[in-house]
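Asks: Build me a model:
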Amino acid sequence: MGGTGYFDRFGGRYVAEVLRAPLEELEAAFGQAMADPAFIAELDGLRRDFIGRPTPLLRAENASRELGGAQIYIKMEGLAHTGAHKINNAIAQALLAKRMGKTRIIAETGAGQHGLATASACARLGLDCAVYMGEVDVRRQQPNVAAMELYGARVVPVTSGSRTLKDAINEAMRDWAASFQNTHYLIGSALGPAPFPDMVRTFQSVIGLETRDQIAERDLRVEALVACVGGGSNAIGFFSPFIDLPSPRLIGAEAGGIGPGPGENAARMVGSASGDGIIHGYKSRFLTDEDGQVAETRSISAGLDYPGIGPQLAALGESGRIEYTAVRDSEALEALKFFARNEGVIFALESAHAGAAAITLAKSLPKDRAVIVNMSGRGDKDIFITSPVFRPAEWKAFLKAELDRLESGEDIHVFGGHS
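Replies: Numbering: from 1, shown residues only. Below you'll find the model as predicted:
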């Protein structure tokens with residue numbers, strides 16, 4: 001990047017004057033922390049004892065045999081504490097904020113995994129926490145909302161715009177502009193104004209560094225690494241140690257939604273629907289309408305419906321180092337079932353997009369090659385989305401029974417209501 005905040009023409013720091021000072025303060029603090037052995041040692045200890053790193057690299061023997069092509073391996077980020085890769089960045093940024101003397105953390109979240117990870121990290125480090133979440137995502141990710149509140153975070157539903165991730169980011173930015181003296185905005189993806197893309201990639205690169213070591217230990221002939229790409233934190237962390245190498249291939253799976261038409265997907269790098277834009281403080285590729293406004297997106301996965309993409313991922317796509325493919329909702333659901341039934345592993349819906357792309361690729365390759373897919377999260381959180389698809393009658397009966405039980409007041413006396 002060269003220290004300018006840019007990746008080719010993407011990136012930068014396009015923010016109101018009020019945010020320039022806190023961003024410069026953050027950039028300086030990040031550089032100092034990464035050069036401080038004491039900070040690195042504390043972070044390594046949290047990775048080991050709090051997150052549970054390193055995460056395993058699972059050989060998907062049954063799935064590979066079923067497909068008859070390359071050997072599929074799964075980087076099991078879903079086994080990290082809080083169920084996804086998001087904790088890698090959340091605990092590191094929270095530790096940095098505490099080092100800077102900040103007492104309050106704010107965050108945005110889509111699928112809820114970043115909010116969950118941030119709430120957990122703040123509980124661990126003794127920091128106040130508020131999480132902005134689009135009203136649509138609050139409704140479809142109730143298990144994560146409940147867990148965030150259990151950790152002590154305040155979840156703030158955002159009712160403006162499309163009521164999803166992009167609107168949550170807008171509200172968090174407004175909060176930070178008014179409170180940065182004591183508040184750190186813990187961005188969850190590799191986007192936003194500099195230095196956030198660099199910070200998030202650095203903190204998530206632990207995934208790729210572990211994978212590189214695991215490849216060497218097993219002497220694998222790796223054809224490709226595959227990751228889903230929303231904003232892009234799991235992908236850029238997974239790919240990071242390999243970017244400057246000629247191989248393996250790096251493949252990003254975007255949300256193909258229900259089709260190629262406007263408002264039917266969230267594919268920024270596949271097709272011709274996106275264009276250069278400056279939104280949320282940085283320049284990248286964004287899905288916009290004919291008036292240049294942020295377009296509506298669609299994906300079954302709450303974490304892949306962001307209309308933009310991290311600036312480094314956009315630059316790497318344009319250079320050809322990362323190959324992008326669009327995976328439809330139906331393909332992601334089939335991949336979810338495939339890995340659940342063949343490997344006993346339930347992917348998050350986001351990660352299942354990468355799983356689908358890995359299945360397609362593996363079929364076309366010889367058996368002596370390997371394809372590694374990053375299972376960036378596990379699928380517990382998606383029960384409210386997948387159950388109505390896979391078992392609609394049973395799910396409807398369950399919800400009705402639960403509603404009847406709650407309306408009758410049954411069991412509430414045990415805990416004296418809620419607080």
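
Asks: hang on, D175 in a helix?
Replies: Yes. Assigned with DSSP: H, G, I helix; E, B strand; the rest coil, D175 falls within a helix.

Asks: Show me the longest helix that occurs in this protein.
Replies: Longest helix in the chain by number of residues, with DSSP state H as the criterion: helix 196-218.

Asks: Now that one: buried residues?
Replies: 196-208, 210-212, 214-215 (16 or more other Cβ atoms under 10 Å). Yep, even glycine has a C-beta here, placed from its N, CA and C like the rest.

Asks: now it: how far from the chain's centre is it?
Replies: Averaging C-alpha coordinates over helix 196-218 and over its chain gives two centres that are 15 Å apart (Cα atoms, centre = their mean, to the nearest Å).

Asks: Pairing partners for the next helix or strand after it, with directions?
Replies: Tracing the chain C-terminally past helix 196-218 and defining elements by DSSP states H and E, one meets strand 222-228 next. Based on DSSP bridges, the strands next to strand 222-228 in the sheet, each with its direction, are strand 249-257 (parallel), strand 370-375 (parallel).

Asks: Mark out where each domain of this structure begins and ends.
Replies: According to automatic domain parsing, the chain comprises the domains 6-49+86-193, 52-82+198-383.

Asks: among these, which is nearest F390?
Replies: For F390, the closest of the domains of the chain is domain 52-82+198-383, at 7.7 Å, according to Cβ to Cβ.

Asks: what's the first-to-last distance across that closest one?
Replies: For domain 52-82+198-383, the first and last residues are 24 Å from each other (Cα to Cα, to the nearest Å).

Asks: now stretch 242-261
Replies: Terminal residues of stretch 242-261 lie 33 Å apart, using Cα to Cα.

Asks: Tell me the buried residues in it?
Replies: Of the residues in stretch 242-261, those buried under the neighbour-count criterion (16+ other Cβ under 10 Å) are 242, 248-257.

Asks: Stretch 346-365 too?
Replies: Buried residues in stretch 346-365, defined by neighbour count with 16+ other Cβ under 10 Å: 346-362, 365.

Asks: possible to save the strands paired with strand 222-228 as TSV with distance to E407 and mean pLDDT?
Replies: Supplementary listing: the strands paired with strand 222-228 in TSV, determined by distance: least, Cβ to Cβ, whole Å; pLDDT from 0 to 100:
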stretch	distance to E407	mean pLDDT
strand 249-257	36	98
strand 370-375	39	98
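
Asks: can you redo those strands as CSV with distance to P157?
Replies: Supplementary listing: the strands paired with strand 222-228 in CSV, determined by distance: least, Cβ to Cβ, whole Å:
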stretch, distance to P157
strand 249-257, 23
strand 370-375, 29
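
Asks: Among those, which comes closest to H114?
Replies: Each of the strands paired with strand 222-228 has some distance to H114 by Cβ to Cβ; the shortest is strand 370-375, at 16.0 Å.

Asks: roughly how far out does the very next helix or strand once past that closest one sit from the chain middle?
Replies: Going down the chain from strand 370-375, the next helix or strand is helix 383-390, by DSSP H and E. Averaging C-alpha coordinates over helix 383-390 and over its chain gives two centres that are 20 Å apart (Cα atoms, centre = their mean).

Asks: again, but for stretch 376-395
Replies: Stretch 376-395 has its C-alpha centroid displaced from the chain centroid by 19 Å (Cα atoms, centre = their mean).

Asks: again with stretch 4-14
Replies: With Cα atoms, centre = their mean as the basis, the mean position of stretch 4-14 lies at 21 Å from the chain mean.

Asks: repeat for stretch 49-57
Replies: How far stretch 49-57 lies from its chain's middle: 17 Å, per Cα atoms, centre = their mean.

Asks: Tell me where the model's unsure across the stretch 251-400 of the chain.
Replies: Along the stretch 251-400 of the chain, no part satisfies pLDDT under 70.

Asks: all helices of it, in order?
Replies: Counting by DSSP state H, counting those that start in this stretch, residue ranges of the helices within the stretch 251-400 of the chain are 311-319, 329-343, 349-363, 383-390, 392-408.

Asks: Pipe the ones you listed into a markdown table and attach distance to A235 per row.
Replies: Formatted as a markdown table, the helices of the stretch 251-400 of the chain follow (distance: least, Cβ to Cβ, whole Å):
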| stretch | distance to A235 |
| --- | --- |
| helix 311-319 | 6 |
| helix 329-343 | 16 |
| helix 349-363 | 8 |
| helix 383-390 | 22 |
| helix 392-408 | 31 |
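
Asks: Pick the most deeply packed of those helices.
Replies: Among the helices of the stretch 251-400 of the chain, the stretch with the highest mean neighbour count (mean count of other Cβ atoms under 10 Å) is helix 349-363, at a mean of 28.

Asks: can you give me how far that one is from the chain middle?
Replies: With Cα atoms, centre = their mean as the basis, the distance from the averaged C-alpha position of helix 349-363 to the chain average is 16 Å.

Asks: That helix packs against which elements?
Replies: In terms of contacts (3 or more Cβ pairs under 8 Å, 6 or more residues apart in numbering; DSSP states H and E), helix 349-363 is packed against helix 61-67, strand 71-76, strand 222-228, strand 249-257, strand 322-328, helix 329-343, strand 370-375.

Asks: and if we set it to 7 Å?
Replies: In terms of contacts (3 or more Cβ pairs under 7 Å, 6 or more residues apart in numbering; DSSP states H and E), helix 349-363 is packed against helix 61-67, strand 222-228, strand 249-257, strand 322-328, helix 329-343, strand 370-375.

Asks: closest one to S272 among those?
Replies: Within those, the stretch nearest S272 is strand 322-328; the backing value is 12.2 Å (Cβ to Cβ).

Asks: what pairs with that closest one, and is each one parallel or antiparallel?
Replies: The partner list of strand 322-328 in its sheet, established with DSSP bridges, is strand 249-257 (parallel).

Asks: got the angle for the strand it pairs with vs helix 349-363?
Replies: Computed by axes from the mean of the first three to the mean of the last three Cα atoms, to 10 degrees, the angle separating strand 249-257 from helix 349-363 equals 130 degrees.
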